[in-house]
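[1] build me a model from this:
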Amino acid sequence: MPDDQPATSAPRPAAAAEIPVIDLTPLQTGGAAGLAATAEAIGQACRGLGFFYVAGHGVPEAARTAVFDAAHRFFALPEEEKRALSIERSPHNRGYVALAGEILDPSIPADRKEAFNIGLDLTPDDPEVVAGAPFRGVNQWPDLAGWRATMIDYFERMHALGTLLHRAIAVDLGMPAEHFAPLVDRPMAILRLLHYPAEPPAADGAIGAGAHTDYGNLTLLATDGVGGLEVRTRAGEWIAAPHVPGAFVCNIGDLLMRWSNDRYASTPHRVVNREGRERYSVAFFFDPNPDAPIACLPTCVAPDRPARYPPTTGAQYLAERLDATFEFRKKA
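    Next up, the predicted model:
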C-alpha cells in the first residue's frame, strides 16, 4: 500500500499502549485458561493496530545472536558471491535480493536494502520439488561454515512459534485451537535476512523499505536495536516502533486479514533509516501451505457481514503479490 505522506516527515514515538507487549508464557504453560487469555490479548491487538510484541516466547537469545552473526557474515561477502545466489535464479522466492532489487512502494524509488530469503528446507528429490509445485524448491546456500545449520535451526524455532500463535488466533476467531495446524505444517514461510546501508533517506525519496502491508499470515521480526521501523495507525499517523530487547515484533498480513473477513486488518509499515547507521533485522514471514484454501472463516461471516473476498490459495495469492513487487518476475 503506497504511503500518502512524505518519508521525511518524522514519526512520533509509539505510546506503550499502542503496540502492546504480550507475554506468551500463559499460552505455553497455562492450559485452557492461558490459551483463552492469550487469545483475547492477541485478538485485541489484531483488531486494533495490527502490531504487537511477543515476549516469553521460549526462543533462546543464543539462537537470535547466532542468526544475526550469520547475517553479518553473509552480507560482508563480495558482491559477486552474493549475486551468484540471486533470487532471480529461483522461481520459489529463495536467494539473494540485491540493493534496490525490490520495490515495495511503487510511488517512490526502489528500497535501499539487500536481503536473503530462505524457505522450508527441501531436498531435490522431495516429491513436490520434483513435481515443480509452486514455492516448492530447494534453498540456495552460501559456502560459509555452519551457516546452513544456523538458519535451519532458527527457521524451525520460528515455525514452531508461528504455529503456537495460530492456536491463539484460531480461538479468538471462534475456531478450534488446531484449526490452522494442517494449513501451516509445510508453509511457504520465508526466513529473510535484511541489511540496510548506513545512509539516511535519499533526496529522491528512496528509503530502506517503502510503505507496504505484509502478504501472508504473520510476521515475526527480530531487530538489532537500530531504529527504523515505522507503523501507520488507523488514523493515518506514522509512529516509530521502538526496539524491545528480547521480544519479537509481530504483525498480521493480508492473508490472515482475508481469512478473518477483515476482523483483523493488516497495517502499512515502512523502514526509514533516519539515524544513518547500518541496520540489520531478521524477519520470518509465516505464510500458509501453498495449497491452503484461503476463504473467509465461517465464524467471521454473518448476514450483516458477508464474505468480502473470493476464495484463493496460499500459492496463488503469494505469486500475485510477488509478481507486483519484483521487476524480474514481471519479465518472466
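
[2] show me what contacts Thr213?
    Met1, Gly253, Asp254, Ser266, Thr267, Pro268, His269 (C-beta atoms under 8 Å, 6 or more residues apart in numbering). All C-beta atoms are positioned from the backbone trio N, CA, C, and that covers glycine.

[3] point out the least confident one among those.
    Ranked by pLDDT, these bottom out at Met1, which has 37.

[4] before we move on, back to that, which ones among the contacts of Thr213 map onto helices?
    Asp254 (DSSP state H).

[5] and which of the contacts of Thr213 is nearest to Asp224?
    Of all the contacts of Thr213, His269 has the smallest distance to Asp224: 17.1 Å, by C-beta to C-beta.

[6] where do the helices sit along the stretch 51-200 of the chain?
    For the stretch 51-200 of the chain, the helices defined by DSSP state H, counting those that start in this stretch occupy 61-75, 79-83, 127-130, 147-172.

[7] and Val97, what are its bridge partners?
    Ala115 (DSSP bridges).

[8] any idea how far Cys46 is from Asp23?
    Distance, Asp23 to Cys46, by C-beta to C-beta, to the nearest Å: 16 Å.

[9] more neighbours: which of those two?
    More neighbours surround Cys46 than the other of Asp23 and Cys46, with 27 against 16 (other C-beta atoms under 10 Å).

[10] list the contacts of that one.
    Phe52, Ile169, Asp172, Ile252, Leu256, Ser260, Arg263, Tyr264, Ala265.

[11] what is the burial count for the second one?
    The number of residues packed around Ile169, counting by other C-beta under 10 Å, is 24.

[12] returning to that earlier point: out of the contacts of Thr213, who's nearest Arg64?
    Nearest member of those to Arg64, counting by C-beta to C-beta, is His269, at 20.8 Å.

[13] picking that back up, let's have the contacts of Cys46 in a markdown table, adding pLDDT and distance to Phe286.
    Formatted as a markdown table, the contacts of Cys46 follow (pLDDT from 0 to 100; distance: C-beta to C-beta, whole Å):
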| residue | pLDDT | distance to Phe286 |
| --- | --- | --- |
| Phe52 | 97 | 15 |
| Ile169 | 98 | 11 |
| Asp172 | 98 | 16 |
| Ile252 | 95 | 10 |
| Leu256 | 96 | 9 |
| Ser260 | 98 | 15 |
| Arg263 | 96 | 19 |
| Tyr264 | 96 | 14 |
| Ala265 | 89 | 17 |
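
[14] can you list the residues you listed in a markdown table and add distance to Pro290?
    Below are these laid out as a markdown table (distance: C-beta to C-beta, whole Å):
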| residue | distance to Pro290 |
| --- | --- |
| Phe52 | 27 |
| Ile169 | 20 |
| Asp172 | 25 |
| Ile252 | 20 |
| Leu256 | 16 |
| Ser260 | 20 |
| Arg263 | 25 |
| Tyr264 | 22 |
| Ala265 | 25 |
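
[15] now, which of the residues you listed lie within strands?
    Judged by DSSP state E, the subset of the contacts of Cys46 located in strands is Phe52, Ile252.

[16] quick revisit: now that we have the contacts of Thr213, which of them are buried?
    Gly253, Asp254, Ser266, Thr267, Pro268, His269 (16 or more other C-beta atoms under 10 Å).

[17] which of those lies closest to Gly236?
    Pro268 (9.4 Å).

[18] which residues of the stretch 151-300 of the chain fall in strands?
    Assigned by DSSP state E, counting those that start in this stretch, the stretch 151-300 of the chain shows strands spanning 190-196, 209-212, 218-223, 229-232, 238-240, 248-252, 269-271, 279-286, 293-294.

[19] quick check: mean pLDDT of the shortest one?
    For strand 293-294, the per-residue pLDDT values average out at 96.

[20] neighbouring strands - and their directions - for that strand?
    strand 312-313 (antiparallel).

[21] now do stretch 193-200, average pLDDT.
    According to the model, stretch 193-200 has a mean pLDDT of 94.

[22] next one: it to chain centre, how far?
    From the chain centre to the centre of stretch 193-200 is a distance of 17 Å (C-alpha atoms, centre = their mean, to the nearest Å).

[23] give the buried residues for it.
    Leu193, Leu194, His195, Tyr196.

[24] does Leu27 touch Arg167 like I think?
    Yes. Under the criterion of C-beta atoms under 8 Å, Leu27 makes contact with Arg167 at 7.3 Å.

[25] who's more crowded, those two?
    For Leu27 and Arg167, the more surrounded residue by other C-beta under 10 Å is Leu27, and the numbers stand at 25 against 19.

[26] tell me the spacing between His166 and Gly216.
    Distance of His166 to Gly216, given as C-beta to C-beta: 12 Å.
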